[in-house]
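K.L.:
Structure for the following, please:
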Amino acid sequence: MTLSINLQETWAILIGTGEFTQDTTLPATPAVEHNLVELRKILTHKEIIGIPDQQIIVIKNQANLYDQLTTELEKKLPDLVETLLVYYSGHGFRHKEDVYLAATNSKNRDPEVGSLAFGQLWNKTNDRATHNLLYVLDCCFSGEASKVIAQRKQKNIALLTASSPEDTAKTNKSLTVFTRYFIELLEQGYGPEPTLTPRILYEELRKQLVNQGYPKPAYNHLMSDIHFAKNRAYNPDNLNQYWHVPWTRNQNFTGRVAFLTQLEAALSQFPIVAVTNMGGVGKTQTAIEYAYRHKQRYRAVLWVGAENEVALESGLAALAPVLKLPAQSDLQLNITAVKTWLAHENTWLLILDNADGQMADIIAPLCRELTSHGTGVILVTSQRRTLDTRIHTMSLNAFTVEEGTAFLLRATVKQWNELETQEQTALRQLGDAVGWLPLLLDVMAASIHERQSSFHRFYTKSFQPFLAKWLDKPSADHPKSTLATFGIAFEQIQADCPQAMEILRLCAFLAGEAMPEAVFADMDEETFEDALAVILRYSLVQRDFNTGTLTMHRSVQTVLRFTMDTATQRVYAERAVNAVNRAFPRVDDELNWLRCVPLMPCGLQCVEWIEQWGLESEEAARLLTEISNVLYYQGRYAQAKPLTERSLAIRKQLLGEEHAQVAESLNDLAVLYYSQGDYAQALPLYQRALEIRERVLGPDHPDTATSLNNLAELYDSMGDYAQALPLLRRALEIRERVLGPDHPDTAQSLHNLAVLYRTTGDYAQALPLSQRALEIRERVLGPDHPDTAASLNNLAYFYKETGDYAQALPLYERALEIRERVLGPDHPATAASLNNLAELYRATGDTAQALPLSQRALEIRERVLGPDHPDTATSLVILANSYQVVGDYAQALPLSQRALEIGERVLGPDHPDTATSLVSLANSYQVAGDYVRALPLHQRALEIRERVLGTDHPDTATSFASLANFYQMTGDYAQALPLYERALTILKKTLGLDHPILRTIQDNLRKNIAGLENRLKVRVKEMTPDGIAMKMGIQLSDVFALYDGQVVLNSLNFVAGRNQEPKDSVPKILRVLREGKELTFMLSPGKIGAILEDWIVE
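P.N.:
Alright, predicted model coming up:
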């Protein structure tokens, strides 16, 4: 392990101040003395640095640092040294755009007394160091020193500080924290490199300090990193613990010397570097070469294809086993585990290959996220010339003539000086013909070597005919010669093994870096293996035995497609669709869709071919359906809908309007509309699907029962329980009779019917159905099946709604336990159970239990489903509700706001779930006392529900009640009264008289009436009859002139609560004043309303 400094010409100055005699506001720091002692040991330790002890200058607890420094330098330090390390520990003052290092007699009020400004320190030491000058400052405001070196612009200086300019450093008992970690890193070593540099130390210091809540250190430098300490953690036998580069090193890699040097420097300076330019210039090969050349620098070297989102996600997930992380069944769980590993481990290199087009934009936030912890670097390859401004880009050009010549010679095992002039000329002609594009030179060289051909013979006999053949097919990214060059390799493969060429052509229409071998399952296994061996020999396809996938570079795919005429392209596009369709499992529940994820890249590619070529086949329609179903389970409704619509159109065209598959597509499309809250669109589709299935399959077919069930679910959501109930009953009757009383689908019907009865408050009917569904599922599917957990949840919800929390709790807990164990702790269904359990605890007032469950559910959904999924918005609302209960509006408000933003953007401004988010946000504002903002949100939620769900829907009634509650809270009892009455009228009609929610609203109504009566009594008792009349601008005598005086007095006294009720059922004076008759010449309606307000009631 060789250091880059000359120890005999290396000096260190260690300065520390831990005692302060003139200012009691400066606490003593005894750790400073320990810092100086321990650091001196490290610097002189021969196994770490080995500076001779006599070359260490220590200045400790001095009254005037500037004078003492000057004396020590003149006495001990030579005029010139190669490397000088200057360290300070103590208090620091920010003063005059500099940091002043405190001395023993320093004062907060006057930092210049005795203190040493960093600028002064720089002036005293800068001229002494000829090569390297390293400052290490451990004090408050040490980051201010960066401004000084920025002004000086000295090229041989580096500055490592304990904090940024705005932060203060914290202390530790024996050592200040920054110095403690600095010494530990030097003493114990860190990372895979044989030596340590200031940058390596800084990056690990930053990670450790920030993770523990300390200020983030800073590193500023105007020189190259110096290898000034031996790394005691270095173990040459344990390098590259994690290696995942799915490409072997290209033994023919040539040139790029300057570029690789620049790339190394860039990755030392920038966390994200992108190598860019058109396809075929060798970006991938250069990245591979860099990975192999510099693998000892990194603890992990990882490779992920980034040509599309699916490949990116699959590639990230595939790193989990490489990093020895626990196996997870869920793709997103593996991705999360990998991200967590990258955030906490150090010195890794992640290569994201082929981030072209929109993928360049998609990977930018991912790159920023992964490098935000400062633990590793990312190398991107992309055809995009411009990327995110925070990504450092380097353009890689095609080979120069010299590089290309050297490459061709090396790949064909020839020597330039052994070639005749004719051969040399032919070599240059071949290079010029392909523009010295490295990818094509590589393929061409392989063909020449395989044929044992000369350059001249290849150029004159083989190359030109193929070049002429493709003159009519120009391409911006791939010139004419590109097609010809690939054609040479393809011809050789065709001659060696025709089946291999068939595989290549099929691969040209699949997703290049994610082709599961299952797609080729219809081919005889031995034939497939033999053909694949031929392809692999020409390096046109790579095979990964671990994942069972093939990869093909997109340039090869493009050339392959260009070698086909239009009719042939259509044939192979259709073959690709059929092959992927055969491999694609049926997607019918939340469990098996995960098995389809590896096929999604190829599936999505086939979607493009279906559209481009207008492919209309049953296979195409089915593939569109299954891909749409996967997208549906991922919550990507907007992406799923056009696929389902296309599938429906194809099936109608092929099969006619009255076919069972048409009904399936109608049903799928209705499900998507329903999931997006567009009930008006979903209803006729469900009805049409049911109509077809009844007529084509029969009224008793299981699929007919499915349509009945789906239509009933829609009516349930619309609040039309009268329509939903007979449909669910009929679906249950069909399934019991056709499938049997113990079939899982029968249990599903029992479950759904129980939910409807529960919703309408008919608990006597709901309970036995829920219990029977649970019993069937436990017996038939098993006690640990996810459907069993769903029944447990349903039964628990029943008990919660009826107030039997003691019964509900163990059921919710068991459902959660099943889902965590069977589906995984991060599955969306597990998040649903966490939310249910949290809502139960909230209902019991145990918010301390509810909050962490709600938080965990939200964290799962954000990570697995994404931050914009509708279920994520639901979790945000539930968590906000918990904070509202405890009055923590500061926490509740942003959650409600974010839920609303998701709902409006993803589901639309008129979706019922958006209305729910509006109510949550309104309640958050109410808790915060911001009634001005709360009111329009309540009103908008009510307007949505009335328009979308109908005026008689229970959710509409809930909005009436919420708005009434708002008016009640603000003291506007008169406004609240009719809203409560409207809510009760709806709920009595839809849910019955015994539903718990009615009791809640009735209690609120009684409180509202009591508030109304109290206000009436208080306001009227404050007035005498004369006072009332006077305030209304009339003379009481005028009233007596029109009415019997005693009647008037009795009426007024009655209103004031002083006498018994008069014989008149409605006191005449009140009627007159209220209706504004007879006395209108004396009273304006405004005065009447202002005085009597809400206490004049019949």
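K.L.:
so where do the strands sit in the stretch 301-450 of the chain?
P.N.:
Here the stretch 301-450 of the chain has its strands, by DSSP state E, counting those that start in this stretch, at 348-353, 376-382, 392-395.
K.L.:
Using JSON lines, lay out those strands together with mean neighbour count, distance to V281 and mean pLDDT.
P.N.:
The way it works is simple: take the backbone N, C-alpha and C, and place the C-beta from them, glycine included. Below are the strands of the stretch 301-450 of the chain laid out as JSON lines (neighbours: other C-beta atoms under 10 Å; distance: least, C-beta to C-beta, whole Å; pLDDT from 0 to 100):
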{"stretch": "strand 348-353", "mean neighbour count": "24", "distance to V281": "13", "mean pLDDT": "96"}
{"stretch": "strand 376-382", "mean neighbour count": "24", "distance to V281": "10", "mean pLDDT": "94"}
{"stretch": "strand 392-395", "mean neighbour count": "16", "distance to V281": "9", "mean pLDDT": "91"}
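K.L.:
so which of the ones you listed gets nearest G119?
P.N.:
Closest approach to G119 among the strands of the stretch 301-450 of the chain (C-beta to C-beta): strand 392-395, 31.5 Å.
K.L.:
Give me the contacts around the closest one.
P.N.:
259, 262-263, 266, 269-270, 272-277, 385-387 (C-beta atoms under 8 Å, 6 or more residues apart in numbering).
K.L.:
Repeat that for stretch 980-990.
P.N.:
For stretch 980-990, with C-beta under 8 Å, 6+ apart as the criterion, the contacting residues are 719, 721, 760, 951-954, 956-958, 960-961, 964, 995, 997-998, 1001-1002, 1004-1005, 1008.
K.L.:
Buried ones only from the residues you listed, please, as a ChimeraX command.
P.N.:
To isolate in ChimeraX the members of the contacts of stretch 980-990 that are buried, counting by 16 or more other C-beta atoms under 10 Å, one can use:
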select :719,721,760,952,953,954,956,957,958,960,961,964,995,997,998,1001,1004,1005,1008
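K.L.:
residues contacting I200?
P.N.:
I200 neighbours (C-beta under 8 Å, 6+ apart): Y190, G191, E193, D225, T347.
K.L.:
quick one: contacts for the last one?
P.N.:
This means T347. The neighbours of T347, taking C-beta under 8 Å, 6+ apart as the test, are G191, P192, E193, I200, R297, Y298, R299, A300, T375, G376.
K.L.:
any idea how far Y812 is from the first one?
P.N.:
When you say that, I think you mean G191. 48 Å (C-beta to C-beta, to the nearest Å).
K.L.:
which one of these two has more residues nearby?
P.N.:
Y812 (26 against 20; other C-beta atoms under 10 Å).
K.L.:
tell me the secondary structure for that one?
P.N.:
helix (DSSP: H, G, I helix; E, B strand; the rest coil).
K.L.:
before we move on, the earlier item: most neighbours of all the contacts of T347, which one?
P.N.:
Busiest of the contacts of T347 [other C-beta under 10 Å] is Y298, holding 25 neighbours.
K.L.:
Near A102, how many residues? Count them for me, please.
P.N.:
A102 has 28 neighbours, counted by other C-beta under 10 Å.
K.L.:
Kindly report the same for N397.
P.N.:
With other C-beta under 10 Å as criterion, N397 counts 12.
K.L.:
Just the pLDDT at it, thanks.
P.N.:
Per-residue pLDDT puts N397 at 83.
K.L.:
so what's the backbone phi/psi at it?
P.N.:
Backbone torsions of N397, given as degrees, to the nearest 10, read phi -90, psi 170.
K.L.:
gap between it and V906?
P.N.:
Taking C-beta to C-beta as the measure, N397 falls 43 Å from V906.
K.L.:
circling back to that earlier point, out of the strands of the stretch 301-450 of the chain, nearest to T916?
P.N.:
Nearest to T916, of the strands of the stretch 301-450 of the chain and by C-beta to C-beta, is strand 348-353 at 38.9 Å.
K.L.:
just the CA coordinates of the closest one, formatted as CSV?
P.N.:
In CSV, the C-alpha atoms belonging to strand 348-353 read as follows (Å, rounded to 0.1, in the frame of the first residue of the first chain):
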residue,chain,number,x,y,z
TRP,A,348,-20.9,1.0,-4.7
LEU,A,349,-21.2,1.6,-8.4
LEU,A,350,-24.6,1.2,-10.1
ILE,A,351,-24.7,1.1,-13.9
LEU,A,352,-28.0,2.0,-15.5
ASP,A,353,-27.7,0.9,-19.1
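K.L.:
Strand partners (parallel or antiparallel) of that strand?
P.N.:
strand 300-305 (parallel), strand 376-382 (parallel) (DSSP bridges).
K.L.:
and the helix or strand hosting R758, what's its mean pLDDT?
P.N.:
Applying DSSP states H and E as the criterion places R758 in helix 744-759. Averaged over helix 744-759, pLDDT sits at 90.
K.L.:
Show residues contacting it.
P.N.:
With C-beta under 8 Å, 6+ apart, helix 744-759 has contacts from 702, 705, 709, 712-713, 716, 721, 724-725, 728-729, 731-732, 735-736, 739-740, 763, 765-767, 769-770, 772-773, 776-777, 780-781, 787, 790-791, 794, 797-798, 801, 954, 991.
K.L.:
let's see it at 7 Å
P.N.:
By C-beta atoms under 7 Å, 6 or more residues apart in numbering, the residues outside helix 744-759 that reach it are 702, 709, 712-713, 716, 721, 724-725, 728-729, 731-732, 735-736, 739-740, 765-766, 769-770, 772-773, 776-777, 780-781, 787, 790-791, 794, 798, 801.
K.L.:
swap in stretch 498-516?
P.N.:
With C-beta under 7 Å, 6+ apart as the test, stretch 498-516 has contacts from 305, 307, 310-311, 314, 490, 493-494, 519-520, 527, 531-532, 534-535, 540-541, 548-554, 557, 560-561, 572-573, 575-576, 579, 583, 598-599, 601-602, 605, 609.
K.L.:
Among the contacts of stretch 980-990, which lie within helices?
P.N.:
If you go by DSSP state H, the contacts of stretch 980-990 have 721, 954, 956-958, 960-961, 964, 997-998, 1001-1002, 1004-1005, 1008 in helices.
K.L.:
closest to T10 among those residues?
P.N.:
The nearest one, if we look at these relative to T10 and count by C-beta to C-beta, is T958, at 76.4 Å.
K.L.:
how close does the closest one get to D716?
P.N.:
T958 is 15 Å from D716, by C-beta to C-beta.
K.L.:
what about the helices in the stretch 901-1050 of the chain?
P.N.:
For the stretch 901-1050 of the chain, applying DSSP state H, counting those that start in this stretch gives helices covering 912-927, 931-948, 954-969, 973-991, 996-1021, 1025-1031, 1036-1042, 1045-1055.
K.L.:
Next, the angle from the third one to helix 744-759.
P.N.:
Put plainly, it is helix 954-969. 30 degrees (axes from the mean of the first three to the mean of the last three C-alpha atoms, to 10 degrees).
K.L.:
Mind picking the lowest-pLDDT entry from the contacts of T347?
P.N.:
Ranked by pLDDT, the contacts of T347 bottom out at P192, which has 67.
K.L.:
Quick check, pLDDT for L840.
P.N.:
Looking at L840, its pLDDT is 92.
K.L.:
next one: D477
P.N.:
30.
K.L.:
Make residue 1 into 13 and carry on from there
P.N.:
New numbering, starting at 13: the last item is D489.
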